[in-house]
Structure formats: C-alpha cells, structure tokens
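S.K.: A structural model of the following input is requested.
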Amino acid sequence: MSHFPKLLSSQIAYDVARTMLDGFDKHYRLFREVSHAAKLRFEAGDWHGLQQLQRDRIAFYNERVRETTVVLEDEYDAARIEDGIWQQVKLHYIGLLTKHHQPELAETFFNSVCTRILHRSYFNNDFIFVRPAISTEYIENEESPTRPTYRAYYPGSREGMAACFERMVHNYQLERPFEDLARDIGYVVRAFTEHLGEARIAPNFQIHALSSLFFRNKAAVIVGRVLNGDQTYPLAIPIIHGPTGQLVLDTVLLRPEQLLILFSFSHAYFMVDMEIPSAYVTFLRDILPRKPRGEIYTALGLQKQGKNLFYRDFLHHLQHSSDKFVVAPGIRGLVMLVFTLPSFPYVFKVIRDVFAPPKETTRALVESKYQLVKQHDRVGRMADTLEYSDVAFPLSRFDESLVRELEAHAPSMIEYQRGRDGGQEIVVRHVYIERRMTPLNLWLQEGTDEQVEHGIVEYGNAVKELIAANIFPGDMLYKNFGVTRHGRVVFYDYDEIEYLTDCNIRRVPEPRNEEEEMSGEVWYTVRPHDIFPETFRTFLLGDPRVRAAFLRHHEDFFDAAMWQHHKDRLMAGHVHDFFAYQSKDRFIHRYGPGADDHHADYPRRAA
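M.R.: The predicted model follows:
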C-alpha cells in the first residue's frame with residue numbers, strides 16, 4: 001500500500017470527514033455561545049451563573065466527541081473501516097479545513113474522535129494529526145473575520161491618551177453603567193505615565209486592545225499591548241462591579257510578571273469570544289513570550305488544544321534530552337506515585353493500586369476529586385492538571401528504581417510494548433501532569449527567616465482563599481502545597497478535598513473529667529466531614545520559626561469562628577472577590593480616597 005492513496009475515491013471517506021467536522025463546528029459554536037452568555041451574566045452580576053457557565057463549558061468537548069463517535073459507529077460502522085479509507089478520511093478533512101477559521105482546533109477534534117475508535121497502534125501520521133497540516137499563520141489576512149482580532153488606538157494624536165482609553169472601554173459596549181469612568185480613566189493615565197517614567201514617546205506610540213473581553217470570576221478584563229519604539233508592554237485593565245453596583249476600572253497591569261500571574265495555571269480558564277483563536281494566541285505570545293503556546297490555549301478555555309501542544313512539546317523535549325525519569329524527590333504520597341524528568345518542569349502522577357492506612361479512598365473517588373478541581377474556580381491557589389491515557393514512554397529513559405516502584409505500587413497502570421522504532425516502551429494507562437513546584441515543606445525547612453515568613457503568609461492566604469471559594473483542602477500538610485517561581489503558594493494534592501459547605505466545623509469539646517483531659521487519644525466523637533481547626537496546631541506549628549510567623553499573621557487560622565464565617569457566607573450565596581494581582585495595585589488603594597487606609601467599601605482580599 002502506498003503512503004497515501006493516489007485518488008480520493010471513497011464517498012464514505014468524505015462523508016466521515018464531513019461528519020467529524022460538523023461535530024467540531026457544533027462544539028465551537030457552543031463554545032462561543034458561552035462567551036456571549038458570560039458577558040450577559042457579568043453585566044447582570046449573576047456570579048453563580050458565570051460559575052455554571054465555566055463548569056458546563058468544560059464538559060462540552062467530550063460530549064461532542066462522544067456524539068460524533070456514536071454517529072460514526074451507527075452510520076458507518078467506523079471501527080471496521082479499512083486503513084486505506086481512514087487515510088482518505090484524513091485527506092478529505094484537510095481539504096475541508098483550507099478555509100476554516102479554527103483549523104488547529106478541528107485537527108485536535110479529529111484526533112480525539114479517532115482515538116475513541118482506533119487502537120493506539122494506529123496513532124501515527126497516516127491516521128491522525130501528529131503534527132499540524134494546516135498553517136494558522138495569517139488566517140486573518142486571508143479570511144475576513146466578522147471583526148478584527150484587535151483594535152489600534154493612537155494616544156499621541158490630538159485625541160489624547162484619556163480619550164483613547166475612554167473610547168477603548170466604550171467599544172466593548174457593556175450595558176451596565178460605570179460609577180465614574182472619567183475618574184477611573186484618570187487613574188489609568190496616571191499609572192500609565194508613572195510606568196513609562198522617563199521613556200521617550202516614540203512616533204509609533206500606539207495601543208492595541210483585543211476585541212473581546214476576558215471573563216473570569218467576577219471580572220471582565222481588557223487585554224492588550226503598548227508599542228513604543230522598539231519596546232512592547234503588556235496591558236490589562238480589569239473591570240469589576242464597585243460598591244454601588246456600577247462598573248469600575250479596578251487597576252491597570254503593565255508589567256510582564258503581572259500578566260504571567262493573570263494567565264497562570266492556577267486560575268480558572270477565561271471565557272473569551274474568539275473567531276480566530278490562533279490570532280489571539282499569537283497576540284498573547286507577543287506580550288508573554290516565555291509562556292508556551294499550549295498554556296495560552298489552555299488559559300483561553302481550549303484545554304484540549306493545550307494538551308495536544310503540550311504533548312508535542314514533551315515529545316520534542318524527549319528527542320533533544322538524555323536524562324532519565326526518576327521518582328520525584330520529597331515525601332512519598334500514600335495515594336499518588338509521582339515521577340519527574342529533571343530537565344522538564346513537570347511532574348507525572350499515577351494513582352497507586354493500593355492505598356496504605358490511614359488513607360480510605362478508591363481510584364474512582366480520587367479521579368472524581370481531580371475532576372472537581374478541573375470544574376471549580378481555582379482562584380489562583382490550585383494547580384491545573386493535564387490528564388492523559390495510554391502514554392508511551394521509552395523504557396530506556398526510565399530509571400530502574402522508578403520502574404520497580406511502578407511495578408510494585410501501580411502494576412495495573414503500566415504495560416510494555418514494542419515501539420515503532422523497535423525499542424521497548426512502557427505505557428502508562430492513566431497519568432496526571434502538573435507544573436513542578438518547590439514543595440512548601442522543603443521551602444520552610446531550607447529557607448531563610450524571610451523566606452519562611454513569606455511562605456507562611458502565602459500558605460495562610462492560600463487556605464483562606466480556598467475556603468472562601470468553598471474548597472476545604474482536607475490534608476493541609478505543607479508537603480501538599482508548592483511554591484511557584486513567582487513565590488505564590490499553590491495547593492496540588494486533591495485526594496481529600498471537600499466542599500467547605502459539606503463540612504461540619506466544630507470546636508474541641510471540654511474534657512468532662514481528668515481521665516479525658518490526660519488522655520492521649522481523642523475522647524470525643526468525630527463524624528465524617530467533621531473538622532476541628534484548633535487541632536491544626538499539632539501538625540502545622542512544630543518548627544519554632546514557622547510557629548512564630550504563623551501566629552504573627554494567621555492566628556485566626558485555628559479559630560473555628562473564622563472557618564464558620566466563610567461557610568455561613570457561602571451558604572447565604574455570597575461569591576467572594578478574588579484578584580490575580582496584589583491589593584496594593586488596585587486603584588482604590590493606590591489613588592482613591594483614603595488610599596492609605598484601604599477604602600473600607602471595596603473588597604480587600606487579593607489573590
């Protein structure tokens with residue numbers, strides 16, 4: 001058989017390709033409808049509705065893949081289609097994508113459907129898109145979209161900077177009125193001028209703003225860039241509901257590190273209406289050049305495309321590296337076996353077959369916890385995970401001790417096979433992949449006094465923000481938290497998380513007699529979902545430096561009243577305010593009335 005059929009002679013091949021593309025087009029139409037709905041929810045202040053949109057959208061992709069697979073199996077008996085026909089299906093599909101606005105996403109959808117139908121031995125370039133076939137470069141130039149990806153503004157013209165920013169805001173046509181837009185524009189111009197400092201305004205000075213707002217949590221964000229000579233600056237302006245219920249510009253973010261946190265892996269995905277998503281990604285790469293393209297797709301809610309690009313980057317790294325996968329350093333987990341490739345900044349987590357005491361859980365329950373996190377608002381404090389099935393690794397790249405660990409503790413999750421190059425491979429049936437961070441327990445053990453102080457402040461803030469978002473971490477040992485390269489503390493061990501609203505927050509009862517008082521055992525009844533905040537002291541305050549810092553900054557952490565307060569607000573329907581930037585950067589704290597005292601009417605918590 002030739003590498004590709006000479007003639008596209010099969011009508012079935014065309015019909016299968018058309019059915020697959022129809023499935024993708026339905027998916028992306030619904031994806032964009034969510035972004036339209038997000039604008040309406042934001043304008044109405046319907047925060048629970050926004051959260052539901054986020055949860056619903058995550059399920060869309062798999063639902064459309066399943067629907068398309070069912071159609072192909074029912075109408076074309078897809079599992080029995082011959083190899084030559086499948087090759088024609090792919091070629092017809094490529095032809096259908098030549099004028100498409102989302103070809104890279106459609107290729108990934110094709111792969112998802114194929115891997116549902118075909119055995120993994122077919123996962124090669126003849127049957128699926130191992131590499132892209134359609135270029136996304138300059139699609140916007142060739143195909144006129146409904147609206148351009150971004151709009152350009154010229155503050156150096158007679159219009160002036162303030163008028164440019166005002167026109168920019170009005171172009172998004174938000175229906176809810178602003179509290180005092182002139183005041184907020186004044187703050188933007190002031191911050192902008194301070195940031196430019198002594199920099200000379202070049203003849204090409206201009207601002208580009210993406211045409212769609214970025215919706216997440218309780219904010220809508222204008223995202224753009226500033227061009228000044230040969231310099232390019234990022235720009236982000238979050239819009240929120242102020243204390244009067246009207247809109248305010250909350251701040252302006254102009255530093256690359258601020259945008260990296262805004263788009264970090266520990267936040268929920270944005271809801272953005274994009275006709276040509278590759279153009280948005282290219283724009284964002286211009287202001288976030290260190291951020292991998294796959295992570296940007298993921299941040300935009302296109303997590304399947306992000307997974308696809310991540311895996312391609314991973315294979316590329318394997319090809320150009322020689323170190324071996326090893327068991328990840330640190331305290332061994334009771335639920336997950338964790339390994340890493342030292343030259344690659346991620347960890348790979350495999351669920352163990354058997355959980356040692358005191359863990360009482362199941363594989364299905366652990367998987368459900370990770371799915372919960374995927375659907376929940378991560379508020380900048382929980383790491384995103386990439387979930388893969390049947391990942392083949394070169395066995396020669398696995399350290400022998402790691403292979404022994406997998407064979408001893410997760411034998412049902414691995415198998416061996418001969419690779420296409422003739423070498424032996426180890427196939428991991430189910431794996432979670434997360435960004436590698438410095439475990440907080442190691443940070444606290446090895447850090448300076450200043451680093452310990454920072455780590456404890458961040459840890460306390462992280463847990464408080466999680467419970468404000470209705471997440472009780474469960475196992476709050478420092479080893480289950482990591483420190484990112486930006487110094488933020490993030491939770492990454494999810495097998496014991498619960499909704500705070502499902503927990504019973506209790507105080508330890510007074511002992512009834514001397515025997516109970518002197519007992520080393522728990523003398524009171526503990527029911528499932530009971531939590532006793534004062535008992536957290538036992539395992540959190542052992543180190544003197546940690547204890548001093550903790551009691552200085554988070555003494556209320558051990559008071560049941562603080563936890564109950566958050567639960568009561570959640571039960572009453574309150575949605576907390578989370579900000580992906582520091583509280584001191586907000587205009588009300590930086591320039592507003594009583595800025596030095598942090599204006600009492602505004603939410604004070606900064607993520």
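S.K.: Count the residues that sit near Arg547.
M.R.: Using other CB atoms under 10 Å, Arg547 has 14 neighbouring residues. All C-beta spots, glycine's among them, are computed from the backbone N, C-alpha and C.
S.K.: so what's it up against?
M.R.: If you count contacts by CB atoms under 8 Å, 6 or more residues apart in numbering, Arg547 has them with Leu541.
S.K.: the longest helix in the chain is where?
M.R.: Longest helix in the chain by number of residues (criterion: DSSP state H): helix 11-44.
S.K.: Between helix 11-44 and the next helix or strand after that helix, find me the angle.
M.R.: Downstream of helix 11-44, the first helix or strand assigned by DSSP states H and E is helix 47-76. The directions of helix 47-76 and helix 11-44 differ by 170 degrees, with axes from the mean of the first three to the mean of the last three CA atoms, to 10 degrees as the criterion.
S.K.: Could you list the buried residues of helix 47-76?
M.R.: In terms of neighbour count (16 or more other CB atoms under 10 Å), helix 47-76 has its buried residues at 47, 50-51, 53-54, 57-58, 60-61, 64-65, 68-69, 71-72, 76.
S.K.: ditto for stretch 561-577
M.R.: The neighbour-count criterion (16+ other CB under 10 Å) identifies 562-564, 566-567, 570, 575-577 as the buried residues of stretch 561-577.
S.K.: Return the residues in contact with Tyr499.
M.R.: Tyr499 makes contact with 470-472, according to CB under 8 Å, 6+ apart.
S.K.: Would you check how far apart it and Met336 are?
M.R.: Distance, Tyr499 to Met336, by CB to CB, to the nearest Å: 22 Å.
S.K.: go on, Arg255?
M.R.: Using CB to CB, one obtains 35 Å as the distance from Arg255 to Met336.
S.K.: out of the two, which sits in the more crowded spot?
M.R.: Under the neighbour definition other CB under 10 Å, Arg255 and Met336 were set side by side, and Met336 has more, 21 against 14.
S.K.: Report the beta-bridge partners for the nearest residue to the more buried one once chain neighbours are set aside.
M.R.: Nearest in space to Met336, with sequence neighbours left out and distances taken as CB to CB, 6 or more residues apart in numbering, is Lys349 at 4.5 Å. Following DSSP bridges, Lys349 is listed with bridge partners Val338, Tyr432.
S.K.: which residues of this structure score low on pLDDT?
M.R.: Across the chain, the stretches falling below the confidence threshold (pLDDT under 70) are 1-9, 119-126, 141-145, 157-158, 513-520, 594-607.
S.K.: can you list the domains in it?
M.R.: According to automatic domain parsing, the chain comprises the domains 11-135, 150-304, 321-436, 440-576.
S.K.: any chance of the contacts of Tyr499 in a markdown table, with neighbour count, distance to Arg552 and secondary structure too?
M.R.: Formatted as a markdown table, those follow (neighbours: other CB atoms under 10 Å; distance: CB to CB, whole Å; DSSP: H, G, I helix; E, B strand; the rest coil):
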| residue | neighbour count | distance to Arg552 | secondary structure |
| --- | --- | --- | --- |
| Asn470 | 23 | 28 | coil |
| Ile471 | 24 | 25 | strand |
| Phe472 | 22 | 24 | strand |
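S.K.: which of those residues lies closest to Phe344?
M.R.: Of all the contacts of Tyr499, the one with the least separation from Phe344 (CB to CB) is Ile471, at 28.5 Å.
S.K.: right, and the residue nearest to Met336 touches Val327 too?
M.R.: No - in this structure, Lys349 is not within contact of Val327 by CB atoms under 8 Å, at 11.7 Å.
S.K.: Can you give me the distance of Arg418 to Pro394?
M.R.: Here the criterion is CB to CB. By it, Arg418 lies 12 Å from Pro394.
S.K.: same thing with Glu257?
M.R.: Applying CB to CB, the value for Glu257 to Pro394 is 36 Å.
S.K.: So for these two, which residue has more residues nearby?
M.R.: Here Glu257 and Pro394 are compared on neighbour count by other CB under 10 Å; more neighbours surround Pro394, at 15 against 11.
S.K.: Which element, helix or strand, includes Thr115?
M.R.: Using DSSP H and E, Thr115 sits in helix 103-117.
S.K.: Arg512 too?
M.R.: Take DSSP H and E as the rule and Arg512 turns out to sit in neither a helix nor a strand.
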